[in-house]
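Colleague: okay, structure incoming, though there's no sequence with it:
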């Protein structure tokens, strides 16, 4: 049996249809066993019909079947939109626990291109390193090693481009990782809305991946804790 929920709790199927039949622009996406922007879709529901495809909302929900979410479309901060307006561009912050303390790994920003609504590298997006002061590094990369000094579509130069509220995002992710210390590494995807509010898009805990922050920053994921983490992981493996 499928269960439908809103912020305040469980609702019936017919109520969910009523809630979203005039939601306007929104994003629908899977929530389990999904990655790289697969099946993330922009919808525009008016009078129960997606004006983009002319599909009924009931047919769209049937296709997604289960384990999906419908979210309001985020209006991103102007400094994010300037890099690429078609996608909500996100900050990937990885936090990890070493000897009881939460640390922040090198930070990456993911940016969409070619008019796509997603910014994932596997979906054609590019990624660039971000300093903990919020400055973009000189080059952005595709997953295949293509290198750009400026965005191929918007022509914005990356080197030194200032991203607001990175310090606050680090504090946010660190604070909340302490609340779930049984998870060793968490990949947080965040953005900033038009009113400069931090928005948590999602957390990745099963396969957060460490290749992207290392790749775009040229730095070790665990930094000065690398030797400690190798010993810790080795000991855990031997205890299994």
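Modeller: Good, I have the coordinates. Source: prediction; values computed, not measured. Numbers count the residues shown, from 1 in each chain.
Colleague: now whichever helix in the chain runs longest: buried residues?
Modeller: Longest helix of the chain, by residue count under DSSP state H: helix 226-239. Neighbour counts over helix 226-239 (16 or more other Cβ atoms under 10 Å) mark 229, 232 as buried. (Glycine included, C-beta is placed from N, CA and C.)
Colleague: how far does it sit from the chain's center?
Modeller: 28 Å (Cα atoms, centre = their mean, to the nearest Å).
Colleague: can you show me the strands along this protein?
Modeller: Secondary structure of the chain (DSSP state E): strands at 4-6, 9-11, 24-30, 41-46, 49-50, 68-72, 90-98, 101-104, 107-111, 126-130, 136-141, 147-148, 185-192, 198-204.
Colleague: and of those, who's closest to residue 82?
Modeller: Residue 82 lies closest to strand 107-111 among the strands of the chain, at 10.5 Å (Cβ to Cβ).
Colleague: other SSEs contacting the closest one?
Modeller: Counting contacts by 3 or more Cβ pairs under 8 Å, 6 or more residues apart in numbering; DSSP states H and E, strand 107-111 is packed against strand 90-98, strand 126-130, helix 211-217.
Colleague: to residue 197, which of these lies closest?
Modeller: Nearest to residue 197, of the helices and strands packed on strand 107-111 and by Cβ to Cβ, is strand 90-98 at 13.7 Å.
Colleague: direction included, what does the closest one pair up with?
Modeller: strand 101-104 (antiparallel), strand 107-111 (antiparallel), strand 185-192 (antiparallel) (DSSP bridges).
Colleague: show me the shaky parts of this structure.
Modeller: Scanning the chain for pLDDT under 70 picks out the ranges 1, 3, 5-8, 11, 32-38, 236-240.
Colleague: neighbours of residue 30, how many?
Modeller: Neighbour count for residue 30, taken as other Cβ atoms under 10 Å: 16.
Colleague: distance of it relative to residue 191?
Modeller: In this view, residue 30 and residue 191 are 19 Å apart by Cβ to Cβ, to the nearest Å.
Colleague: so residue 215 touches residue 142, yeah?
Modeller: No: using Cβ atoms under 8 Å as the test, residue 215 is too far from residue 142 to be in contact (10.4 Å).
Colleague: for residue 62, which of the strands of the chain is the nearest?
Modeller: Across the strands of the chain, closest to residue 62 is strand 68-72 (Cβ to Cβ), at 11.1 Å.
Colleague: any idea of the angle the closest one forms with strand 198-204?
Modeller: 170 degrees (axes from the mean of the first three to the mean of the last three Cα atoms, to 10 degrees).
Colleague: bridged to the residue nearest to the spatial centre of the chain, which residues?
Modeller: Nearest to the mean C-alpha position of the chain, by Cα atoms, centre = their mean, lies residue 189 at 3.2 Å. Beta-bridge partners for residue 189, by DSSP bridges, are residue 92, residue 202.
Colleague: unless I'm mixing things up, it is touching residue 199, no?
Modeller: No: using Cβ under 8 Å, residue 189 makes no contact with residue 199, being 9.5 Å away.
Colleague: list the buried residues in stretch 150-158.
Modeller: Buried, per 16+ other Cβ under 10 Å, within stretch 150-158: 151, 153, 158.
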